[in-house]
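A.B. asks: how would this look folded up:
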Amino acid sequence: MAALVLTGCSSSSDDSETEPTSTASSTSTTSTPVEEPSSEPAELPEGPAGEQAAWFLEQLDPETTVSADEITSRVSEAVLAEMSAEDLAATLTALAATGPWTPRAVAGEGSAVSVTIVDTAATYLEMQVATDEAGQVTTLFFAPGSNPDRAPAASWDELDSLLGDTGVDHSLQVSTVDEAGLCTPVHQAGETATPMPVGSIVKLYVLGAVVTAVADGTLTWDTELTLTDDLKSLPSGTLQDQPAGTTVTVQQAAAGMISISDNTATDLLISTVGRDAVVSAMDDMGHHDPALNTPLLTTRDLFWFGWGAPESVPSWTDLDVNAREALQDQVPAGVLDIDPMSVTTPRWDDGLDWFATAADLCSAHAGLQTMAGTEAGEPVRDILSANTGITLDEADWPYVAFKGGNAPGEIAGSWLAETADGETVVVSLQLATDDPLALPAPVDLFSLAEDAFGLYGS
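C.D. replies: From the prediction side, this is the model:
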């Protein structure tokens with residue numbers, strides 16, 4: 001159901017992530033500020049997008065039979081070229097299993113609306129609908145949503161309690177960053193000094209290695225990289241779906257790696273700069289012990305050892321560097337034969353992941369912002385802020401950089417935000433457990449990050 005909940009289709013490219021939460025990837029929402037919520041069902045606005053949203057909402061009822069023919073009459077040909085009416089009908093039917101869904105908050109009008117909806121199991125989604133001049137749907141997208149009536153944590157103690165209520169190992173650190181790039185914690189909770197799995201947040205270090213290569217003159221942001229089948233990983237991302245021989249620039253690969261957590265783009269960049277360069281970047285960016293991540297796993301490595309051939313690596317932690325490198329040489333060439341939906345068993349507790357402390361994550365963000373101030377790092381700020389993961393008031397927080405990560409049994413998010421007065425604050429959240437079902441939904445966890453920024457600014 002996770003994959004179905006996040007299924008989206010659009011007539012144009014979308015930087016939002018649409019992925020099963022079981023893959024090693026960044027997790028984000030595509031939240032749109034909503035109107036003042038109420039306990040009563042929200043009223044959908046008049047206009048073409050509101051009317052189409054109302055129709056699709058009616059389909060999310062277990063008593064309704066979704067008609068592919070009706071979908072064809074309502075949805076543009078460009079969208080149906082990406083997802084057939086029959087597939088869309090099947091997706092809506094699957095979502096309807098826990099319906100009916102009730103609208104709780106609405107934003108927008110005319111040709112574009114965003115509706116926060118909730119089912120009978122208290123699961124929230126954000127349904128985004130846009131229409132063309134003829135009133136046909138050009139965008140239909142379902143993303144994780146949050147309860148618009150949820151009161152933010154009123155104190156640090158309450159925030160800590162909410163994290164503790166998850167019942168899993170966790171780390172929360174809120175830090176300020178001075179002009180020299182030094183992090184000073186202002187609030188901590190949980191196991192902030194313990195290295196915990198970070199999933200795709202490791203991509204911050206890959207980005208750092210790329211900037212270093214550009215500064216050294218071995219790369220430029222316009223250098224073209226060629227995709228091969230040996231570099232194709234699993235989702236998240238889209239580059240894995242392109243044919244071998246496809247070329248992208250370094251900047252395009254880096255942007256995809258951060259904004260939609262493209263795993264194949266990540267491995268393409270690691271192949272270009274080298275694994276050792278990424279480990280060196282960890283050291284340069286303040287990681288307390290890069291040896292924890294040596295030799296560096298690519299995302300292909302993680303998928304193969306974790307779920308493709310798990311019997312080959314009972315415990316990565318128990319292997320020395322030479323044994324690990326020997327195993328990496330045995331990862332099959334070509335496209336990996338792994339079903340993404342089979343990625344369900346935690347492997348971070350066997351050492352198969354990337355590890356960092358809360359202080360490491362703050363230093364990584366600070367280091368990248370320092371690099372962004374150099375000629376070689378010119379695109380970095382835009383790359384890091386393309387997907388902010390959470391919604392903060394732009395008047396208070398005009399710049400937000402984000403990277404998140406998740407795999408079975410783990411979820412993490414780390415943000416650097418700048419206040420209107422020029423202060424820099426980093427919030428890092430990490431959770432890990434051997435029971436994936438014990439983890440909160442990403443959108444619920446990241447709401448706590450919003451609370452942390454709110455408490456700092458209050």
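A.B. asks: For T220, give me the pLDDT.
C.D. replies: T220 is assigned 98 on the pLDDT scale.
A.B. asks: Quick check: nearest residue in space to it, chain neighbours excluded?
C.D. replies: Once flanking residues are discounted, T220 sits nearest to V214: 6.3 Å by Cβ to Cβ, 6 or more residues apart in numbering. C-beta here means a position set from N, CA and C on the backbone, and glycine is covered the same way.
A.B. asks: can you tell me how far that neighbour sits from V273?
C.D. replies: Using Cβ to Cβ, to the nearest Å, V214 is found at 10 Å from V273.
A.B. asks: shared neighbours of the two, which are they?
C.D. replies: Residues touching both V214 and V273 by Cβ atoms under 8 Å, 6 or more residues apart in numbering: none at all.
A.B. asks: returning to that earlier point: list the contacts for the residue nearest to T220?
C.D. replies: Contacts of V214 (Cβ under 8 Å, 6+ apart): T220, W221, V250, A376, G377.
A.B. asks: State the phi and psi torsions of it.
C.D. replies: Per-residue torsions, V214: phi -70, psi -40 (degrees, to the nearest 10).
A.B. asks: Show me where the stretch 201-350 of the chain has its helices.
C.D. replies: Residue ranges of the helices in the stretch 201-350 of the chain, as given by DSSP state H, counting those that start in this stretch, are 203-216, 250-259, 263-273, 275-284, 299-303, 321-328.
A.B. asks: that older thread, pLDDT value on the residue nearest to T220, please?
C.D. replies: V214 carries a pLDDT value of 98.
A.B. asks: again with A438
C.D. replies: Looking at A438, the pLDDT reads 91.
A.B. asks: That one: neighbour count?
C.D. replies: A438 has 12 neighbours, counted by other Cβ atoms under 10 Å.
A.B. asks: Equivalent analysis for V129, please.
C.D. replies: 26.
A.B. asks: Ok, D435 next?
C.D. replies: Under the neighbour criterion other Cβ under 10 Å, D435 is assigned a count of 11.
A.B. asks: So, low pLDDT: which residues of the protein?
C.D. replies: Applying pLDDT under 70 to the chain picks out residues 1-39.
A.B. asks: ok but N406 is inside a strand, no?
C.D. replies: Yes: assigned with DSSP: H, G, I helix; E, B strand; the rest coil, N406 falls within a strand.
A.B. asks: G199 is in contact with that one, correct?
C.D. replies: Yes: in this structure N406 lies within contact range of G199 using Cβ atoms under 8 Å: 5.2 Å.
A.B. asks: any idea how far W156 lies from P442?
C.D. replies: The value you get for W156 to P442, if Cβ to Cβ is used, is 22 Å.
A.B. asks: got it, and I201?
C.D. replies: On the measure of Cβ to Cβ, I201 and P442 end up 13 Å apart.
A.B. asks: same check, this time on Q59
C.D. replies: Counting by Cβ to Cβ - Q59 and P442 are separated by 25 Å.
A.B. asks: Check L336 too.
C.D. replies: Distance of L336 to P442, given as Cβ to Cβ: 25 Å.
A.B. asks: Ok, G286 next?
C.D. replies: Distance, G286 to P442, by Cβ to Cβ: 26 Å.
A.B. asks: do E410 as well
C.D. replies: Taking Cβ to Cβ, one finds E410 at 11 Å from P442.
A.B. asks: And these two? Which one has more around it.
C.D. replies: Applying other Cβ under 10 Å to E410 and P442 shows that E410 carries more neighbours, namely 25 against 20.
A.B. asks: dump the residue contacts of the more buried one.
C.D. replies: By Cβ under 8 Å, 6+ apart, the neighbours of E410 are M196, P197, G199, P346, W348, D353, Q430, L431, A432, T433, L439.
A.B. asks: my read: the third one touches K403, true?
C.D. replies: No: here G199 lies out of contact with K403, judged by Cβ under 8 Å, at a distance of 9.5 Å.
A.B. asks: Can you spell out the domain ranges of the protein, please?
C.D. replies: 2-30+32-144, 152-458 (automatic domain parsing).
A.B. asks: who touches stretch 393-404?
C.D. replies: 26-28, 199-201, 203-204, 258, 261, 365, 368-369, 381, 384-385, 387-390, 392, 411-420, 442, 446, 453, 457.
A.B. asks: Give me the neighbour count for E179.
C.D. replies: Neighbour tally, E179, other Cβ under 10 Å: 8.
A.B. asks: same thing with the one 10 residues further on?
C.D. replies: Number of residues near A189 (other Cβ under 10 Å) recorded here: 21.
A.B. asks: what's whichever strand or helix holds it packed up against?
C.D. replies: Element membership for A189, per DSSP states H and E: strand 183-190. Secondary-structure packing of strand 183-190 (3 or more Cβ pairs under 8 Å, 6 or more residues apart in numbering; DSSP states H and E): helix 156-164, strand 169-177, helix 358-372, helix 442-457.
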